[in-house]
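Colleague: Model the following, please.
(one chain, ligands or ions: 1)
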Amino acid sequence: MNLTAESHRVPLSDGNSIPLLGLGTYADPQKTPKGSCLEAVKIAIDAGYRHIDGAFVYFNEHEVGQAIREKIAEGKIKREDIFYCGKLWNTCHPPELVRPTLEKTLKILQLDYVDLYIIELPMAFKPGDALYPKDENGKFIYHETDLCATWEALEACKDAGLAKSIGVSNFNRRQLEMIMNKPGLKYKPVSNQVECHPYFTQPKLLEFCRQHDIVIVGYSPLGTSRDESWVNVSSPPLLKDPVLNAIGKKYNKTAAQIALRFNVQRGVVVIPKSFNPQRIRENFQIFDFSLTEKEMKEIEALNKNVRYVELLM
Ligand code: NAP
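Modeller: Next up, the predicted model:
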């Protein structure tokens, strides 16, 4: 098999399709030099990536938009070649805030539409300027909203052409069912972005989503950056795993490439983050080999059912 990631797309239930490999763009804004995301997205596009995963709360959407626009201006790509996924943050769940929030993202990106807009998390925070509102005891201030009403507002954004497809993130089966069983549902979620890698393979959610034609987009597919401020580092580093490394040796690939290949081979979209030119290119080189059924089973058996991203909120 010698396919490029460009041709490697998965159909979505609304008739669109999503590239199996995308570039993740979350990097701690305090520790990441300005312009790193801009450079990374440009390098990724040159390397062949067509799918970029971003969010308003990553504080670098302006760099993503600039990179895409520069590459369009260069004639390297057309807007329709790119698949950009943006996310609705927790403080913006009230239905009347959804469209203005997406419009703000589009203004930051300086693009006319996003390809996919997803509810980033199923829980809502108090609306307002504070993105992480907390009370005097340091506890998050939540907000009661009806997720189904939020979803209807996303449906309206799709109808208005501001988002080509709509989906969710960090939703469990119950939350997905709540949306899918909503009276008057116009569009079901095309995708659910969740943590997914060889130590957290999500067998039950994957099966449920397969049955309902919902694509799983696996975040932290390399086991995260292991930043202790938001990652549970008690689980061992994924990329040091002996099985992944041994299989990698056989194919002259790295443990990272094996972890990514494992997911794409079972139809899970992966969005590894790298701002390092060499690793951006490395992560793209996963379409020129395939794992045997036995190797897929061996990797599946590594599952520990433990999250790196605990989402303690
Ligand atoms: P990840 O992609 O699993 O890992 C990123 C880390 O791995 C970075 O430290 C990166 O460093 C390093 N890395 C990249 N390629 C490598 C390679 N080939 N070999 C060794 N190390 C490598 O983790 P993530 O950032 O948590 O997840 C990916 C994306 O998913 C995010 O950027 C974001 O877009 C999305 N996400 C979404 C949610 C959600 O709630 N929806 C949550 C978490 C993440 P360098 O940059 O130095 O290469």
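
Colleague: Where does the prediction get shaky in this protein?
Modeller: Regions of the chain meeting the criterion pLDDT under 70 cover residues 1-7.

Colleague: what does it have sitting close to the ligand?
Modeller: For the chain, the residues in contact with the ligand (CB under 6 Å from any ligand atom) are 24-26, 53, 120, 169-170, 193, 219-225, 239, 254, 256, 271-276, 279, 282-283, 309. From N, CA and C alone the C-beta is placed, and that goes for glycine too.

Colleague: Report the buried members of those residues.
Modeller: The neighbour count (16 or more other CB atoms under 10 Å) marks 24-26, 53, 120, 169-170, 193, 219-225, 239, 254, 256, 271-275, 279, 282-283 as buried among these.

Colleague: Strands - which of these land there?
Modeller: Among these, the members found in strands (DSSP state E) are Gly24, Asp53, Ser169, Gln193, Tyr219.

Colleague: can you pull the contacts of the fourth one?
Modeller: By CB atoms under 8 Å, 6 or more residues apart in numbering, Gln193 lies in contact with Asp53, Cys85, Ile118, Gly167, Val168, Ser169, Asn170, Ile216, Val217, Gly218, Tyr219, Ile271.

Colleague: Please report how far it lies from Val269.
Modeller: As judged by CB to CB, to the nearest Å, Gln193 and Val269 stand 8 Å apart.

Colleague: which neighbours do those two share?
Modeller: Listed as contacting both Gln193 and Val269 by CB under 8 Å, 6+ apart are Ile216, Val217, Gly218.

Colleague: Count residues in the vicinity of the first one, would you?
Modeller: Applying other CB atoms under 10 Å, we find 23 residues neighbouring Ile216.

Colleague: hey, what's it bridged with?
Modeller: Assessed by DSSP bridges, Ile216 has beta-bridge partners Asn192.

Colleague: just to revisit the earlier point, of the ones in strands among the buried ones among the residues of the chain next to the ligand, closest to Lys139?
Modeller: Ser169 (23.1 Å; CB to CB).

Colleague: sorry, back to before: of the ones in strands among the buried ones among the residues of the chain next to the ligand, which pair is most distant in space?
Modeller: Spatial extent of those (CB to CB) is set by the pair Gly24 and Ser169 at 12.5 Å.

Colleague: Nearest residue to the closest residue to the ligand within the chain in space, please, no chain neighbours.
Modeller: For the chain, the residue closest to the ligand is Gly24, as judged by CB to the nearest ligand atom, at 2.4 Å. Sequence neighbours aside, Lys273 is the residue nearest to Gly24 in space, at 3.2 Å (criterion: CB to CB, 6 or more residues apart in numbering).

Colleague: could you list every residue that touches that neighbour?
Modeller: Applying CB under 8 Å, 6+ apart, the residues contacting Lys273 are Leu23, Gly24, Thr25, Tyr26, Ala27, Leu222, Ser225.

Colleague: Which neighbouring elements make contact with whichever strand or helix holds Glu96?
Modeller: In the assignment (DSSP states H and E), Glu96 maps to helix 95-109. When contacts are defined as 3 or more CB pairs under 8 Å, 6 or more residues apart in numbering; DSSP states H and E, helix 95-109 sits against helix 61-74, strand 83-88, strand 114-119, helix 147-159.

Colleague: quick one: that helix to strand 83-88, angle?
Modeller: 140 degrees (axes from the mean of the first three to the mean of the last three CA atoms, to 10 degrees).

Colleague: residue boundaries of the helices in the stretch 151-300 of the chain?
Modeller: Per DSSP state H, counting those that start in this stretch, the stretch 151-300 of the chain carries helices over the ranges 173-180, 203-211, 242-251, 255-265, 277-284, 293-300.

Colleague: Can you mark which positions in the second one are buried?
Modeller: Put plainly, it is helix 203-211. Neighbour counts over helix 203-211 (16+ other CB under 10 Å) mark Leu205, Leu206, Phe208, Cys209 as buried.

Colleague: Among those, which pair sits farthest apart?
Modeller: The span of the buried residues of helix 203-211, defined through CB to CB, is set by Leu206 and Phe208 at 7.4 Å.

Colleague: Now Gly267. Nearest residue, chain neighbours left out?
Modeller: Val10 is the one closest to Gly267 (CB to CB, 6+ apart), at 6.4 Å.

Colleague: and the gap between Pro221 and Arg79?
Modeller: From Pro221 over to Arg79 (counting by CB to CB), the distance is 26 Å.

Colleague: what's the answer for His93, then?
Modeller: With distances taken as CB to CB, His93 is found 29 Å from Arg79.
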